[in-house]
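[1] predicted model, plus sequence, below.
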Amino acid sequence: MLARVHAGASLFVCTSKRQRFAEKIVRHFAIDGFFTGVFGTGDDGRFDDKGVLVRHILESSWLDASKVVFVGDRAHDIRAALANHVIAVGVTYGYGSREELIAAGANLICESPWGVADTLTRE
């Protein structure tokens, strides 16, 4: 899925985990080559609010929110994306339920990584 989506887009990690741990995880699983950037919270609590973190990524990476898709598995992911005028894709193969993602206002729901790839690579 990452290889397929990466072929046509810049990918970023946006996580509630501490950034230094997120970077280690991405390197550990050897998927760092797929990502333009890894963003997480600071040890000082900076960016603990995911909506603020999404805004930081958009601004610091010079991204046009109207062309960004945020893929997340929890309601706070969906709310953070929508607060920043980003398309919110909820995924049911993570921690959140379909009901949680719908209630949060997800624009789309995908059931699998292949569903995400199909959704994001449509012409």
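    That came through fine.
[2] which residues touch the most far-flung residue of the chain relative to its centre?
    When distances to the mean C-alpha position of the chain are computed (CA atoms, centre = their mean), the maximum falls on Asp44, with 21.9 Å. Under the criterion of CB atoms under 8 Å, 6 or more residues apart in numbering, Asp44 has no contact partners. Placement of C-beta: from N, CA and C, glycine included.
[3] against Arg18, how distant is it?
    10 Å (CB to CB, to the nearest Å).
[4] show me the shaky parts of this structure.
    Across the chain, the ranges flagged by pLDDT under 70 are 123.
[5] need the helices for it, in chain order.
    2-6, 19-28, 50-60, 75-83, 98-104, 113-120 (DSSP state H).
[6] would you list the ones you listed in JSON lines and tack on distance to Lys67 and mean neighbour count?
    Output for the helices of the chain, formatted as JSON lines (distance: least, CB to CB, whole Å; neighbours: other CB atoms under 10 Å):
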{"stretch": "helix 2-6", "distance to Lys67": "14", "mean neighbour count": "15"}
{"stretch": "helix 19-28", "distance to Lys67": "23", "mean neighbour count": "15"}
{"stretch": "helix 50-60", "distance to Lys67": "10", "mean neighbour count": "18"}
{"stretch": "helix 75-83", "distance to Lys67": "13", "mean neighbour count": "21"}
{"stretch": "helix 98-104", "distance to Lys67": "22", "mean neighbour count": "16"}
{"stretch": "helix 113-120", "distance to Lys67": "12", "mean neighbour count": "16"}
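[7] distance to Gly37 for those helices - can I get that in TSV?
    Listed next are the helices of the chain as TSV, based on distance: least, CB to CB, whole Å:
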stretch	distance to Gly37
helix 2-6	13
helix 19-28	10
helix 50-60	7
helix 75-83	16
helix 98-104	24
helix 113-120	18
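[8] out of the ones you listed, which comes closest to Val69?
    Closest approach to Val69 among the helices of the chain (CB to CB): helix 113-120, 6.2 Å.
[9] tell me how far that closest one lies from the chain's centre.
    13 Å (CA atoms, centre = their mean, to the nearest Å).
[10] could you do stretch 9-22 as well?
    With CA atoms, centre = their mean, you get 8 Å for stretch 9-22.
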